[in-house]
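Chemist: coordinates for the following, if possible.
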Amino acid sequence: MKNKRRNFLYGLIAIVLLLAGGCGLGGGPRARWGFTPKEKHGDPANLGTHSYGFGGSETSGVIYTLRAGSIDPDHLRGVADLTRHTYNKAYDTLMKNKSGFRVGPAFEMTANKIVLQYPSNWNHLTEAEKQKIAHKAALIIAPVVSYHSSIWHEMLTWKGLHFVLIEPEHESSFSWEDLYSNALGAKLAVEALQNGRLTTAEYNQAMTKLIDKELKFLQVVPKDRAIEIFESVRGAWYTADRLMKRNMDIGYDNGQITPCLIPGFTDEEPVSLPLPTLDGLKEYGIQVVYTIRSAYLQNGTLKRMAGAQGDVEPIRHFPIIMKKIEQEAISQYNYQIR
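Modeler: Numbering: from 1, shown residues only. Model (predicted):
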C-alpha cells in the first residue's frame, strides 16, 4: 500500500511538471506521449513540423517503414530533443571548465550525471581549440546520454512504475518499435547539430527536414498500408489487450540497434543503427563517468539487479540488467523478445 501511495504521489508531481511546461529535472525539452503499434497509427504524409517547445504542428501515432519497421515519431522526437539539450549542457560545461552536469528527460524524476576529467593541457589551449574540442566531445556525449536515458525509462516501467498514473505496467515497456525509434532520434539530432549550437527555430527546421529525409530513405509506407501490415501480425505479435512482441536488444551484443521488421513485406535487410558510445572521447583526452538514478522505488530494484554498490552506470550495468529482464519476459510473461 505504501508503494502505491508513493507512486501515486510521484504521478501527481509528474502531472504538475507537465502542466508547468514539461521540463525534466535538467530544464530540458517538453514531454510527448508515445504509442504502441496496437494503439494509434500515424500518417507519414502529415507528421507536422518538429517543435522543441509547445505550439508546433506535430502529429502522433506509429508509422511503418520497409527498412526499419515500426517507428514512433513521439519517441524519436523526444530523444532527439534530449540529445540537443544534453549537447548544449555538455558544451557549456566544457567551455566553463566545470566538473560535470546533470540532465533529465521531460517530467521524469531521473538524473543522468556526467562527471568530466579534462586532458592535462586543457588550460593551455586557445579558446578556438577548446570550442572545437568541446563541440566534438558534446556530440559524442549527448547521444549516449539520451539513448541510455530512454532505455532506463523502459526499465523503470518494466519494473512497475506508472508514469502520470496512466501508463500500464509492462504494456508499453520495450514494445518492438521503442529502441530503434529512440536511437534514430539521437542519430538525427547529432546530424542536426554537426555544425554547432542551433537556435530553437533552426533546430526545429533542421529536424523537420532530417526526419522527412530519413523516412524516405527507410521507405515509409502510407498510413493505410501500414495498418494492413500491422494487422498481419495481430494475434501473433499483439492483441487488443496485450503486446506479445518486444524488442529487448539494446545494442550491446554486436554494437548495433536492429529494428523489428514485420515479415513478408520486403526482401531488404533491416537498416541497423550503431550503439552510441563514449569511445571517441579518447581522441581528445577527455574522460567521463556516467551514472543514472531516479527518485522512484524502482531505482533500488534496478540497482539490485545490476549488483551496483552506488548509482547505476549505464554502460557497465545495463547489459546485466537487460539479461535479467529478458529472462523475466520469457519465463514470467512468455513474450517474444527479439
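
Chemist: please name every helix or strand in contact with the biggest helix by length in the chain.
Modeler: Counting by DSSP state H, the longest helix found in the chain is helix 127-158. The contact analysis (3 or more C-beta pairs under 8 Å, 6 or more residues apart in numbering; DSSP states H and E) places helix 127-158 against helix 73-95, strand 110-117, helix 178-192, strand 287-294, helix 297-306, helix 314-331. From N, CA and C alone the C-beta is placed, and that goes for glycine too.

Chemist: ok, now which ones touch the residue of the chain most remote from its centre?
Modeler: Most distant from the centre of the chain: residue 124, at 36.5 Å, with distances by C-alpha atoms, centre = their mean. By C-beta atoms under 8 Å, 6 or more residues apart in numbering, residue 124 lies in contact with nothing.

Chemist: one more: residue 134?
Modeler: By C-beta under 8 Å, 6+ apart, the contact set of residue 134 is 90, 91, 94, 95.

Chemist: list the buried residues in stretch 98-114.
Modeler: Buried residues in stretch 98-114, counted by 16 or more other C-beta atoms under 10 Å: 101-114.

Chemist: which of those lies closest to residue 260?
Modeler: Comparing these against residue 260 with C-beta to C-beta places residue 105 closest, at 23.5 Å.

Chemist: pretty sure that closest one contacts residue 78?
Modeler: Yes: checked against C-beta atoms under 8 Å, the pair residue 105 and residue 78 is within contact range at 7.3 Å.

Chemist: need the overlap of contacts for those two.
Modeler: By C-beta under 8 Å, 6+ apart, residue 105 and residue 78 have these common neighbours: residue 150.

Chemist: chain neighbours aside, what residue packs nearest to the residue nearest to the spatial centre of the chain?
Modeler: In the chain, the C-alpha nearest the mean C-alpha coordinate belongs to residue 150, at 3.4 Å (C-alpha atoms, centre = their mean). Excluding its sequence neighbours, the residue lying closest to residue 150 (C-beta to C-beta, 6 or more residues apart in numbering) is residue 182, at 4.0 Å.

Chemist: so what's the one you found up against?
Modeler: Counting by C-beta under 8 Å, 6+ apart, residue 182 touches 75, 76, 79, 146, 147, 150, 151.

Chemist: can you turn the buried part of those into a ChimeraX selection?
Modeler: Listed next is the ChimeraX selection for buried residues among the contacts of residue 182, using 16+ other C-beta under 10 Å:
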select :75,76,79,146,147,150,151
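
Chemist: can you tell me which of the contacts of residue 182 comes closest to residue 30?
Modeler: Comparing those against residue 30 with C-beta to C-beta picks out residue 79 as the nearest, at 13.1 Å.

Chemist: ok, the closest one to residue 107 distance?
Modeler: Separation of residue 79 from residue 107 (C-beta to C-beta, to the nearest Å): 15 Å.

Chemist: for residue 183, same thing?
Modeler: Per C-beta to C-beta, residue 183 is found 22 Å from residue 107.

Chemist: same question, residue 273
Modeler: From residue 273 to residue 107 the distance is 26 Å (C-beta to C-beta).

Chemist: same question for residue 279.
Modeler: 32 Å.

Chemist: same question for residue 290.
Modeler: Residue 290 is 22 Å from residue 107, where distance means C-beta to C-beta.

Chemist: what's the answer for residue 47, then?
Modeler: For residue 47, the distance to residue 107 (C-beta to C-beta) stands at 23 Å.

Chemist: and residue 232, by the same measure?
Modeler: Residue 232 is 35 Å from residue 107, by C-beta to C-beta.

Chemist: what do you get for residue 227?
Modeler: Distance from residue 227 to residue 107, by C-beta to C-beta: 31 Å.

Chemist: ok, now residue 283?
Modeler: To residue 107, residue 283 is 36 Å away according to C-beta to C-beta.

Chemist: which stretches of the stretch 1-150 of the chain have low pLDDT?
Modeler: Applying pLDDT under 70 to the stretch 1-150 of the chain flags the ranges 1-28.

Chemist: ok, residues contacting the host helix or strand of residue 230?
Modeler: Here residue 230 sits within helix 223-231, counting by DSSP states H and E. Contact with helix 223-231 is made by 37-38, 41-45, 62-64, 70, 221, 262, 265, as judged by C-beta under 8 Å, 6+ apart.

Chemist: ok, stretch 49-56 next?
Modeler: 21-22, 29-30, 48, 57-58, 77, 80-81, 84, 200, 203-205, 207-208, 211.
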